[in-house]
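J.: Fold the following, please.
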Amino acid sequence: MLLEAQHLTKTFGEHVAVNAVDLQIEKGSFTALLGPNGAGKSTTMNMLIGLLQPTAGRVIYDHDPKLGVVFQGSVLDDILTVRENLQVRAGQYRHVPADRVTVLSQQLGLTAFMAQRYGTLSGGQRRRVDIARALINNPDILFLDEPTTGLDIQTRLAIWTLVQRLQREKQLTVILTTHYLDEADSADNVIVIDHGRILAQGTAADIKTRYAADRLTLTSPDVVQLAARVARQPIRRTANQLTFSLPTMQAALDILTANRSLISNFEFRPGTMDDAFLALTGKEMR
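T.: Residues are numbered from 1 along each chain as shown. So this is what the prediction gives:
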């Protein structure tokens, strides 16, 4: 195990921000910490990084790994160019190869704006530079604290394609907090936190299977008869439609097969991470 937290707890006066959290991170894995605002996910990450000391519990690393961090807000200088910013950061580490900034600029697609001032870049460009800064010391673990907040969907997709490629090629361990639940869909380990406690933990598929029901909406010329034949209570009913919450796709297929003469149209929607999150926390992600 590359990283382990045991009964990790953080209090601020009377407020318990993180309450006896246990977690394990394997080398090369992608872990997503999900939770509403104030849930304790960023506090948990800051204790894992070492920026906050826990009130109780401990963080254990398998060895002394190198860490890279992309913070919610930028830590780079707006008036310096991209190259100047990265070279300054490279000079703060020992044993960084002289060509490290050049190599990163090529790998992350920064070459076209290396001479541009950081403060003039677009949001997506800035985030790619922030990731480059976090990768200068060739880290074993990359921490990403809400890295794509406020970015458009195309830029978010480009950044995640980049991060997943780095994880795959470099066996990089990635730990993420995010407000976008779809970003956790490819995670090896999803941890849902609220009020400082872990509510659920597992792969994205496991979480959705356990906590996110599938939905089947049926359109029928005879809703009354169809409702009488389906041995489930609909969660929504209109003049010509019934919507059911179902545990599996097979349950939907059974209803469709048994009642096809009464069904003029249907829509099936698998459970999503948003559904699981609402079931666990009772809140929409904000």
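J.: need the contact list for the closest residue to residue 275 other than its chain neighbours.
T.: Once flanking residues are discounted, residue 275 sits nearest to residue 212: 3.7 Å by CB to CB, 6 or more residues apart in numbering. Just so you know, the C-beta spots here come from the backbone N, C-alpha and C atoms, and that holds for glycine as well. Residues near residue 212 by CB atoms under 8 Å, 6 or more residues apart in numbering: 270-276, 279.
J.: Please repeat the previous calculation with a cut-off of 6 Å.
T.: 271-272, 275-276 (CB atoms under 6 Å, 6 or more residues apart in numbering).
J.: cool, and residue 9?
T.: 18, 20, 55-57.
J.: cool, and residue 137?
T.: Applying CB under 6 Å, 6+ apart, the residues contacting residue 137 are 66, 93.
J.: Quick check: it vs residue 202, distance?
T.: Going from residue 137 to residue 202 by CB to CB, to the nearest Å gives 31 Å.
J.: again with residue 52
T.: From residue 52 to residue 202 the distance is 26 Å (CB to CB).
J.: Mean pLDDT per helix and strand in this protein: which one sits at the bottom?
T.: Ranked by mean pLDDT, DSSP states H and E, the helix or strand of the chain with the weakest confidence is helix 153-170, at a mean of 84.
J.: CA atoms only for the following helix or strand past it, dumped as PDB, please.
T.: Scanning forward in sequence from helix 153-170 by DSSP states H and E, the next helix or strand is strand 173-177. Extracted in PDB, the C-alpha atoms of strand 173-177 (Å, rounded to 0.1, in the frame of the first residue of the first chain):
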ATOM      1  CA  THR A 173      -1.000   7.600  -8.500                       C
ATOM      2  CA  VAL A 174      -3.700  10.200  -8.700                       C
ATOM      3  CA  ILE A 175      -5.900  11.500  -5.900                       C
ATOM      4  CA  LEU A 176      -8.700  13.900  -6.800                       C
ATOM      5  CA  THR A 177     -11.300  16.000  -5.200                       C
END
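J.: Please state the offset of strand 173-177 from the chain centre?
T.: 8 Å (CA atoms, centre = their mean, to the nearest Å).
J.: what's the neighbour count on residue 53?
T.: 9 (other CB atoms under 10 Å).
J.: ignore the last one, residue 12
T.: 10.
J.: i'd like the first residue to be 886 from this point on
T.: Renumbered: residue one is now 886, and that last one reads residue 897.
J.: beta partners for it?
T.: residue 900 (DSSP bridges).
J.: quick one, helices of the protein?
T.: Listed in chain order, the helices of the chain (DSSP state H) span residues 926-934, 967-975, 985-992, 1008-1020, 1038-1055, 1089-1096, 1108-1114, 1134-1143, 1158-1166.
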